[in-house]
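Novice: Compute the structure for the input listed below.
(chains A and B)
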Number of protein chains: 2
Amino acid sequence: MQGCPPTATTNPPSASVGRGTDSDSCPVDAASVAAWLSLAACPDARAHWWGARGSDFDPRARVELLRHAGISLPAPNDRRLARCLAWLEQPGNALVGWDAAAYPETLASLEDPPPVLFVSGDRSLLAALQVAIVGSRRPSPGGAEHAYRLARDLAQAGLVITSGLARGIDAAAHRGALAAGGAGPTVGVSGCGPDVVYPREHAELYAEVAACGLLVSEFPPGTTARPHHFPRRNRLISGLARAVVVVEAAQPSGSLITARLALGQGREVLAVPGSVTNPEARGCHALIRDGARLVEDASQVLEELSSLPLQLPVPRQRRPLATRPAGAGAGAGDGRGGHVAPPRPPPDAGPTRAVPAELPASLSSPSVRRVLAAMGTDLVDIDSVVFRSGLTVSDVSSILAALELSGLVWVGPAGTFQRKPD
Amino acid sequence: MQGCPPTATTNPPSASVGRGTDSDSCPVDAASVAAWLSLAACPDARAHWWGARGSDFDPRARVELLRHAGISLPAPNDRRLARCLAWLEQPGNALVGWDAAAYPETLASLEDPPPVLFVSGDRSLLAALQVAIVGSRRPSPGGAEHAYRLARDLAQAGLVITSGLARGIDAAAHRGALAAGGAGPTVGVSGCGPDVVYPREHAELYAEVAACGLLVSEFPPGTTARPHHFPRRNRLISGLARAVVVVEAAQPSGSLITARLALGQGREVLAVPGSVTNPEARGCHALIRDGARLVEDASQVLEELSSLPLQLPVPRQRRPLATRPAGAGAGAGDGRGGHVAPPRPPPDAGPTRAVPAELPASLSSPSVRRVLAAMGTDLVDIDSVVFRSGLTVSDVSSILAALELSGLVWVGPAGTFQRKPD
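Specialist: Here you go, the predicted model:
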């Protein structure tokens, strides 16, 4: 294993953070961990299920609220819980929950953020400016070399390189960043539990990334690789990063899926061109034809980054039409061709509506009626509904989750909601 | 020399067209040819110097008019005239003047069209849909092979491939088109006289292009290669074509100049990417970063062509601000970055102005005053000025040329004019 140069991190990887010695991580009492594991098992979760950031967050209470709203949240079995608790005992390992200070804003602003991250290494990297480098698992020798050089040069410029720990371009990118030394560590996002190495020959790479950078997973310890995990991992790679650079990608390929997810998240997508005789370049060329920026080297990536606004944009997929410039047609002006999923049609802008007389039986409580009345007809954020309804944040967010599941509420951008027309 | 398959052309290359046997070419009496040679020697000529297309055009009268307007038009010496007359005697050679039916609209719509073309071969190709393929004179083996294949495939799809007869990509493109057989001939634009081969080792290529396609030059017979001829040749290559495909171009390079000229002419610029380790790909990548469309193969070129309007757009360089969408900043929205020269500021939109009392002595004739009065303050075309002034087209166009030279008239898009503010 390659040695890791000393760096001035706030959470040195050698410190034990598993037992709540650090305010950035969650306390590891078994009941809380079990609740986090229940939340982590929640499929297709949406940001508002976790409530507003900054509020007090009790994972056990949240599990109860969501179950009350009709969401199935199985409790972990004893073996799974014991494995997680044992993993948390290891130095450098931690559970970063939705409400932890270390939980990155980049992920909190996603539509479908994980409720909890299982991390190993330097958690301060979660908040660092990250550039993802992704690409083919079977790159050309030149492609792998270019990914290595690109990652090394960007890391030397102070950026954190994020990738997916896979064979090919991912591994080359992590290794390039590691070769840059302490200046730019690397974040590896796994599609398995944080204690499962996949592919197996990457054991040394995993160890180096955890020692000098950070391993991140949304899957609890002991989770093995499943095909459907990788699209979820990909959304975290692009979600953590400000920009995604694709170096060689066949068509179709997982890297192209990551690139499209990144566009949906409002991230910048950059692509490295290649020879027209290289089949692994075709995916990059397709991205460029669809509007991704062409980059040849680290200096051009830095140039693109310097032209981006400091604030992350609102995710694109759910931006309602009303927030777009007047006269812009579907997809017009964003230069992304067919990348971005068409925005949902906006709710009808009707007059203020009363609470409908007939609600599903599960939603016939007085609290639900108060929430609906508090929402009015406009796009509202959760704080406004809490203020107007007089209910707690927890109650309002679980009611909103139930209303969304029942099709009565439409989820807008950046944690906003709107009642659908009756 | 490769044999040329028979094609159903209107002007078979074997027919003599030098002595006015064809209405598409100009009569070759010595006085007319001498006048054409004088016009061809005119530096920095503008379209309106040649008058409206479709009017009767007498090259001798035009020489007189322009000389009267103060433009220096040296008469050819006897040797130059004799060489041109002898060249016109050869089968397949012809002089296509500004007013000939064969003079292509693609060139007539340029800001700086040549008054006359010296052509050898199948003149009907001037009106065919052409795609230019240009690139490095020192391409990689893969680049030359790709240009050959691209030209062959596009020619087989029925397009005419236009290029500059130079070493490298140009030659590969011509040869690819020739390899496609009769389906798609090729147009070679020369930076020398039509009877001068440059570079010398391309004698066979020149002969094949003339036999199966068309050689075009704006330089009279006997003109040798000069550095300043090649930018002029490049504007004809892009001017003749609907789109320009750049296959490998170093930075800086003549091919990039052609691409920028093409953008200024409103042509579509397409660029083939290459490996980031190939220095000859850097120019193409720069073009793509600046807004050129990335194309990998003939099918993508055809796709781009199919999305273009049938009508050629108005050349971009002189489009006045007033024709752009409200709110568009300089360069905004055209996706071309720094390519397109900023449009000239529009003349002040003042009230109708009288003819200024003081005109330069050379412009103090009653006809000049009638033209200025007829122009008013708006953008006008030459026909309106002719109609309002009662003068002939020839008189109006030579007066407009003199007024432009004197800085009193601003030249707008598509053959329009406007008086500058007093």
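
Novice: Spit out the contact partners of whichever residue of the stretch 251-400 of chain A sits closest to chain B.
Specialist: Using Cβ to the nearest Cβ, A:P273 is the residue of the stretch 251-400 of chain A that sits closest to chain B, at 3.6 Å. Glycine gets a C-beta too; all of them are placed from N, C-alpha and C. By Cβ atoms under 8 Å, 6 or more residues apart in numbering or on different chains, the residues touching A:P273 are A:281, A:284-285, A:288, A:294, A:296, B:273-276, B:281, B:285, B:288, B:294.

Novice: OK, contacts around the residue most central in space within chain A?
Specialist: For chain A, the residue nearest the mean C-alpha position is A:L236 (3.6 Å; Cα atoms, centre = their mean). Contact analysis of A:L236 by Cβ under 8 Å, 6+ apart lists A:L107, A:P114, A:V189, A:V216, A:E218.

Novice: Which member of the residues you listed is positioned nearest A:L400?
Specialist: Among the contacts of A:L236, A:P114 lies closest to A:L400 (Cβ to Cβ), at 19.2 Å.

Novice: related to what we said a few turns ago, among the contacts of A:L236, pick out the one closest to B:I399, please.
Specialist: Nearest to B:I399 among these, counting by Cβ to Cβ, is A:L107 at 70.5 Å.

Novice: So which residues make contact with the helix or strand that contains that closest one?
Specialist: Element membership of A:L107 [criterion: DSSP states H and E] is helix A:105-108. Helix A:105-108 has contacts (Cβ under 8 Å, 6+ apart) with A:47, A:53, A:98, A:113-114, A:117, A:127, A:130, A:236, A:239-242, A:312.

Novice: Now tabulate those in TSV and tack on pLDDT, distance to A:R138 and secondary structure.
Specialist: Formatted as TSV, the contacts of helix A:105-108 follow (pLDDT from 0 to 100; distance: Cβ to Cβ, whole Å; DSSP: H, G, I helix; E, B strand; the rest coil):
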residue	pLDDT	distance to A:R138	secondary structure
A:A47	79	35	helix
A:R53	72	40	coil
A:W98	91	37	coil
A:P113	93	31	coil
A:P114	95	29	coil
A:L117	97	29	strand
A:A127	94	34	helix
A:Q130	96	25	strand
A:L236	96	23	helix
A:G239	96	25	helix
A:L240	97	25	helix
A:A241	96	23	coil
A:R242	94	27	coil
A:L312	52	32	coil
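
Novice: and the two most separated of these?
Specialist: Every pair of the contacts of helix A:105-108 checked by Cβ to Cβ; the farthest is A:W98 and A:R242, at 21.4 Å.

Novice: For those two, work out which one has more neighbours and name it.
Specialist: Taking other Cβ atoms under 10 Å in any protein chain shown, A:W98 and A:R242 do not tie; A:W98 has more neighbours (24 against 20).

Novice: what phi and what psi does the backbone show at that one?
Specialist: phi -50, psi -40 (degrees, to the nearest 10).

Novice: gap between it and B:V386?
Specialist: 77 Å (Cβ to Cβ, to the nearest Å).

Novice: I'd guessed A:R60 sits against A:A30; true?
Specialist: No: counting by Cβ atoms under 8 Å, A:R60 stays clear of A:A30, with 11.1 Å between them.

Novice: quick one, which of the two is more surrounded?
Specialist: A:R60 (15 against 11).

Novice: How about the contacts made by that one?
Specialist: Contacts of A:R60 (Cβ under 8 Å, 6+ apart): A:A31, A:S32, A:A35.

Novice: ok, how many other residues are close to the first one?
Specialist: Read that as A:A31. So A:A31, with other Cβ under 10 Å, has 11 neighbours.

Novice: Run through the residues that contact it.
Specialist: A:R60.

Novice: Tell me the secondary structure at it.
Specialist: helix (DSSP: H, G, I helix; E, B strand; the rest coil).

Novice: Retrieve the pLDDT associated with it.
Specialist: If you check A:A31, the pLDDT there is 94.

Novice: just the last one next, same as before
Specialist: Turning to A:A35, the model gives it a pLDDT of 95.

Novice: Excluding chain neighbours, what is closest to A:F230?
Specialist: Nearest non-adjacent residue to A:F230, counting by Cβ to Cβ, 6 or more residues apart in numbering or on different chains: A:G191, 4.8 Å away.

Novice: quick one: which helix or strand includes A:F417?
Specialist: Per DSSP H and E: strand A:416-419 holds A:F417.

Novice: re earlier: so how far is the helix holding A:L107 off the chain centroid?
Specialist: Centre-to-centre, helix A:105-108 and its host chain are 7 Å apart (Cα atoms, centre = their mean, to the nearest Å).

Novice: Please point out which parts of it sit buried.
Specialist: Within helix A:105-108, the residues that count as buried by 16 or more other Cβ atoms under 10 Å in any protein chain shown are A:T106, A:L107.
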